[in-house]
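# missing the sequence, but the structure's below:
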């Protein structure tokens, strides 16, 4: 192996680890991007000092144990040019594309897709489910759970989803080979600035995540295994509607159901969004229902009105269970007539298999 080849590979390896150390430091200490240059210089100084100490100790070791190759090592060290290597690696920090390349190699990160509406210039970021799943199955433990807990093979008592009546009656009939990857969606609206300040809605974001129900409960409930799907400014919904904001998600849900997800040459499974959770405000908006709860039809499960609910006396609480409940057919009819609390057709009606009676359970 030539010294030039060895130097080049050493430079590349050290540069990637330098960037890795930089990103980890920035993430761990929650350092804003505006302070990136200062952090770069600090990390650069740390790496240089560490490398100098390491080469000094290594050179001392060679002099004592292998004096015959000290000259070769010095030649290699001169060609390495550590200072130049560190300076060149800083270029990685100036390009998001190069950063994502390193993140993909180190962490299996998936780069989001930026979608911009040509007319309004509104923007959404979307992380494809397929790409995220491809990243997840690189972990052998998670892959094992996906395959073992794919319904037909689900003998693990830790997973109660496959034992539920909902799964047996409404999800199982969707499967052709009795195997699948089942996901739970979660939506929320978040404020990234003072929620009672003058700009309280200016920076409000809507986010959608998913987790995999094939995993045992102790894994699927872990925040580390909630995967971001899409994020967009909440004002986009008012300007362009959820049809624009969620169209890449809706399209991919249909594709992954009909075309399925290729795990290996021998294993291919459909991906099914079993249900969606979130607070009342978020779920009502996803369903196309009114998002105010002080009048009209305030319940997504039945046809009770606000005034009717307020008139129930304490001793009559048992009558709550006697109201007429919504089902999938009534949702479809109300989408057409925009009645009974429905103010717009739900964007999820375009997903081929969604049953609106059970899609948004109370959890």
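Yep, that arrived. Quick caveat: nothing in here was measured; it's all calculated off a predicted structure.
# check which residues of stretch 281-290 are buried.
282-290 (16 or more other Cβ atoms under 10 Å). The way it works is simple: take the backbone N, C-alpha and C, and place the C-beta from them, glycine included.
# stretch 237-252 now?
Quick answer for stretch 237-252 (16+ other Cβ under 10 Å): 237, 240, 242, 244-250, 252.
# tell me the SS of residue 185?
Secondary structure state of residue 185, per DSSP: H, G, I helix; E, B strand; the rest coil, is strand.
# ok, the buried residues of stretch 281-290 vs residue 128, which is closest?
residue 286 (19.8 Å; Cβ to Cβ).
# so how many other residues sit close to the nearest residue to residue 297 once chain neighbours are set aside?
Nearest residue to residue 297, sequence neighbours excluded (Cβ to Cβ, 6 or more residues apart in numbering): residue 341, at 2.9 Å. Residue 341 has 20 neighbours, counted by other Cβ atoms under 10 Å.
# contact partners for residue 341?
289-290, 296-300, 334 (Cβ atoms under 8 Å, 6 or more residues apart in numbering).
# care to break the protein down by domain?
3-107, 110-277, 280-363 (automatic domain parsing).
# and the residue nearest to residue 297, how close does it get to residue 301?
Distance, residue 341 to residue 301, by Cβ to Cβ, to the nearest Å: 11 Å.
# if residue 342 is in a bridge, with which residues?
Assessed by DSSP bridges, residue 342 has beta-bridge partners residue 289.
# compute the number of surrounding residues for it.
Neighbours of residue 342 using other Cβ under 10 Å come to 23.
# on the three-state scheme, residue 166 is what?
With three-state DSSP as the criterion, residue 166 reads helix.
# now do it, the pLDDT please.
pLDDT recorded at residue 166 is 88.
# could you find the closest non-adjacent residue to it?
residue 358 (5.7 Å).
# pretty sure that neighbour is in a strand, no?
No - read with three-state DSSP, residue 358 is coil and lies in no strand.
# I'd assumed residue 273 was in contact with it.
No - using Cβ atoms under 8 Å as the test, residue 358 is too far from residue 273 to be in contact (11.8 Å).
# more neighbours: the two, which one.
Neighbours were counted for residue 358 and for residue 273 using other Cβ under 10 Å; residue 273 has more, 22 against 16.
# who's in contact with the more buried one?
Taking Cβ under 8 Å, 6+ apart, one finds 183-185, 210, 253, 351, 354 in contact with residue 273.
# can you show me the strands along the stretch 101-250 of the chain?
Counting by DSSP state E, counting those that start in this stretch, one finds strands in the stretch 101-250 of the chain at the ranges 113-116, 123-126, 181-191, 204-212, 227-233.
# nearest approach to residue 56 belongs to which of the ones you listed?
Among the strands of the stretch 101-250 of the chain, strand 227-233 sits nearest to residue 56 (Cβ to Cβ), with 44.4 Å.
# the closest one vs strand 181-191, what angle?
Interaxial angle, strand 227-233 versus strand 181-191 (axes from the mean of the first three to the mean of the last three Cα atoms, to 10 degrees): 30 degrees.
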